[in-house]
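In: Attaching a predicted model along with its sequence, questions to come.
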Amino acid sequence: MTEIADKAKFELEPVVVASDKNAVQGGSRRFAYTLLKLTVSFALIAAMLCRAGFGETMAKLTSASLSWLLAAAVAYFLGVFLRAWRWRVLLAGLEIKATIGQLSRLYLVGFFFNQIIPTGIGGDAMRAYMLAAKGVGSAKVANSVVVDRAAGLYSLLLMGAVAMLLRPYMVPKSTAVLLGAMVALATITVVLVFWSAGRLTLDMLPQRLKGRVTKLITDFYSAFAAYKLGTLLNAVLISFLFNLLLVLTNIFLAEALAINVSAWHLLFFVPIISATLLIPFSINGAGTRELTYVYLLGQVGISAESALAMSLSMYGLNLLLGILGAGCFVLDRRSA
């Protein structure tokens, strides 16, 4: 028996060592990737501050109208309830019940975790986890979060495209090309995902891949086929309302900072700004957001310090909702 045990131990030790080595390598890769994103974010912000001037940007921020800033904060906060309404519609399409109040709190918690987790989807992952922890199917909840985010961005891109068609003479050429490409790519992706979800099954995969595709992934992907067309249309319509509030928030920030920019231009620019926040090479969009604001607003004659101040003000609103989300998270943990 001792010889068998020793032999088993000898055979298992290389497996354990290999597993530990893989874990260490995985941790090192994640650390290196996070460090890269921090470097990119700080480099972009530093570059924008050098271009705009630190003193000029701070002067613009400190001279902002408090009443317009308050209006922007209220508009942005109201958007949380519209997002929660949209999420509730999608969850209902998957036969999952939740209240708007509950989902609003989870959205605020998501804002909090977006500020402390170095990824743009950390908040989405946390709100999905917290809802799934209440006994709801994790695959379906995760799917609803993805569709929720996609519905918001897709409707925002459509709004920008419609505005571009209504005022083509006001759109800078590079903005028109970029926005048009984003709409086309998003449309193709949406069609392919929802078309294939009801047709592709685990049985159709090659045998060597079946072991790698878990039931959770299969359930997640098949959930795309569970949505009815009416559910998706309702989510997109609610998204239009939310996105109008998002554009209105930017209009209020422009007023607060005495920036003379047309609402039409913001309809063109806000979709692109929102899309660039998903770029995975920065920390929660920090740096890429500032670069995009400065670049796009600069096309219509807005100074770099004004555009940068507007971007930082938008980030401030996210921090404000993140603080509210921290309170919601603490209360949720105490009541658990």
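Out: Looks like it arrived, so ask away. Numbering: from 1, shown residues only.
In: Okay, buried residues for stretch 262-280 please.
Out: Residues of stretch 262-280 classed as buried by neighbour count (16 or more other CB atoms under 10 Å): 265-277. Using the backbone N, CA and C atoms, a C-beta is placed for each residue, glycine as well.
In: what's the neighbour count on Ile96?
Out: 16 (other CB atoms under 10 Å).
In: residues near the nearest residue to it once chain neighbours are set aside, how many?
Out: Excluding the flanking residues, the one nearest Ile96 by CB to CB, 6 or more residues apart in numbering is Val136, at 5.4 Å. For Val136, the neighbour count with other CB under 10 Å is 17.
In: Val136 and Asn143: what is the separation?
Out: The gap separating Val136 from Asn143 is 11 Å, by CB to CB, to the nearest Å.
In: do the same with Ala256
Out: From Ala256 to Asn143 the distance is 38 Å (CB to CB).
In: ok, now Arg88?
Out: Per CB to CB, Arg88 is found 15 Å from Asn143.
In: Following element in sequence after the helix or strand hosting Thr231, please.
Out: Secondary structure from DSSP states H and E places Thr231 in helix 229-256. With elements assigned by DSSP H and E, the helix or strand that comes after helix 229-256 is helix 263-276.
In: mind listing the helices in the chain by residue range?
Out: Along the chain, counting by DSSP state H, helices occupy 2-52, 54-62, 66-93, 100-116, 122-132, 138-166, 173-197, 207-210, 215-222, 229-256, 263-276, 288-298, 304-335.
In: mind listing what's buried in the second one?
Out: Residues of helix 54-62 classed as buried: 56-57, 60-61 (neighbour count, 16+ other CB under 10 Å).
In: Can I get the helices of the chain in JSON lines including mean pLDDT?
Out: As requested, the helices of the chain are exported to JSON lines (pLDDT from 0 to 100):
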{"stretch": "helix 2-52", "mean pLDDT": "64"}
{"stretch": "helix 54-62", "mean pLDDT": "91"}
{"stretch": "helix 66-93", "mean pLDDT": "95"}
{"stretch": "helix 100-116", "mean pLDDT": "89"}
{"stretch": "helix 122-132", "mean pLDDT": "83"}
{"stretch": "helix 138-166", "mean pLDDT": "89"}
{"stretch": "helix 173-197", "mean pLDDT": "88"}
{"stretch": "helix 207-210", "mean pLDDT": "53"}
{"stretch": "helix 215-222", "mean pLDDT": "71"}
{"stretch": "helix 229-256", "mean pLDDT": "94"}
{"stretch": "helix 263-276", "mean pLDDT": "90"}
{"stretch": "helix 288-298", "mean pLDDT": "90"}
{"stretch": "helix 304-335", "mean pLDDT": "90"}
